[in-house]
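Peer 1: quick one, what's the 3D model for this:
(one chain, ligands or ions: 1)
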Amino acid sequence: MILCYRGMRERTQTTKGHRPMSRIVPDIDTLDQHLHQLEFHPEIYCPVCCPHCGIGTLWRHGDYYRKADRERRDGDRLDPVPIPRYYCPGCRHTCSRLPSGIAPRRWYLWAVQQAAIAFVLGGRSFRRSAGKCQPNRRTISRWWQRMKERFALHSFHLRNHFPALGRHASISSFWPACLEQMSLVDAMTWLDRDGVVIP
Ligand SMILES: [Zn+2]
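Peer 2: Modelled structure (predicted):
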């Protein structure tokens with residue numbers, strides 16, 4: 001019951017009665033792919049309807065820029081990247097969707113986060129995990145803390161979609177099993193579709 005309530009409470013991105021809009025555009029895993037799609041197929045970023053009021057016709061409303069990949073060095077740098085924004089003439093809100101590689105609120109790509117979390121799940125310390133990938137120990141520790149805080153909610157929703165994951169009760173058992181079936185971004189996409197705040 002508590003989980004259901006928390007889940008309901010988190011559905012803040014949508015108005016009552018509307019199915020939550022997925023904020024993730026699938027299958028765009030790198031910044032290069034994103035820039036290519038944005039140039040040649042920008043329509044795939046347009047939400048089907050306004051996440052605030054449900055109106056079905058949105059107008060392109062420029063771009064905003066965000067940093068997305070701290071791993072890249074100058075000279076090979078695509079950051080910050082444009083993210084298309086859309087305007088709803090009905091309620092005058094703007095909205096946008098992120099390509100699947102880019103994580104909301106974090107400057108590292110999902111793939112980098114998954115690699116770091118995999119090291120932690122494999123039993124490495126934060127310090128040793130940081131030695132294996134770019135984010136520092138404190139960043140990885142923060143990600144792991146967040147995963148622990150969200151575990152009950154995330155696992156509840158993912159088990160609804162993938163009942164076999166119900167066999168894995170603990171976080172140290174659940175996430176390796178989940179990441180064997182799908183990438184971290186795929187798992188987050190499922191959660192995002194359910195209206196759960198990610199990561
Ligand atoms: Zn609207």
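Peer 1: show the end-to-end separation of stretch 126-140, please.
Peer 2: 6 Å (Cα to Cα, to the nearest Å).
Peer 1: list the contacts of the residue nearest to Ser172 when sequence neighbours are not counted.
Peer 2: In space, and not counting its chain neighbours, Ser172 is closest to Leu121: 6.5 Å by Cβ to Cβ, 6 or more residues apart in numbering. Bear in mind the C-beta positions are built from the backbone N, C-alpha and C, glycine included. The contact partners of Leu121, by Cβ atoms under 8 Å, 6 or more residues apart in numbering, come to 172, 175-176, 179.
Peer 1: distance of Leu121 from Ile140?
Peer 2: Going from Leu121 to Ile140 by Cβ to Cβ, to the nearest Å gives 11 Å.
Peer 1: with Pro176 instead?
Peer 2: Distance, Pro176 to Ile140, using Cβ to Cβ: 16 Å.
Peer 1: now whichever strand or helix holds Ile140: mean pLDDT?
Peer 2: Taking DSSP states H and E as the definition, Ile140 sits inside helix 137-161. Helix 137-161 shows an average pLDDT of 96 in the prediction.
Peer 1: now do stretch 61-75
Peer 2: If you average the pLDDT over stretch 61-75, you get 77.
Peer 1: again with stretch 25-34
Peer 2: Rounded mean pLDDT across stretch 25-34 is 90.
Peer 1: how far off centre is that stretch?
Peer 2: Relative to its chain's centre, stretch 25-34 lies at 13 Å (Cα atoms, centre = their mean, to the nearest Å).
Peer 1: His52 is in contact with Cys95, correct?
Peer 2: Yes. With contact defined as Cβ atoms under 8 Å, Cys95 and His52 form a contacting pair (7.1 Å).
Peer 1: anything in contact with each of those two?
Peer 2: Common neighbours of Cys95 and His52, using Cβ under 8 Å, 6+ apart, are Cys88.
Peer 1: higher neighbour count, Pro176 and Ile140?
Peer 2: A side-by-side neighbour count of Pro176 and Ile140, using other Cβ atoms under 10 Å, places Ile140 first with 25 against 14.
Peer 1: which residues touch His154?
Peer 2: Taking Cβ under 8 Å, 6+ apart, we find His154 in contact with 147, 187, 191, 196.
Peer 1: buried ones in stretch 118-133?
Peer 2: Neighbour counts over stretch 118-133 (16 or more other Cβ atoms under 10 Å) mark 118-121, 124, 126, 129-130, 133 as buried.
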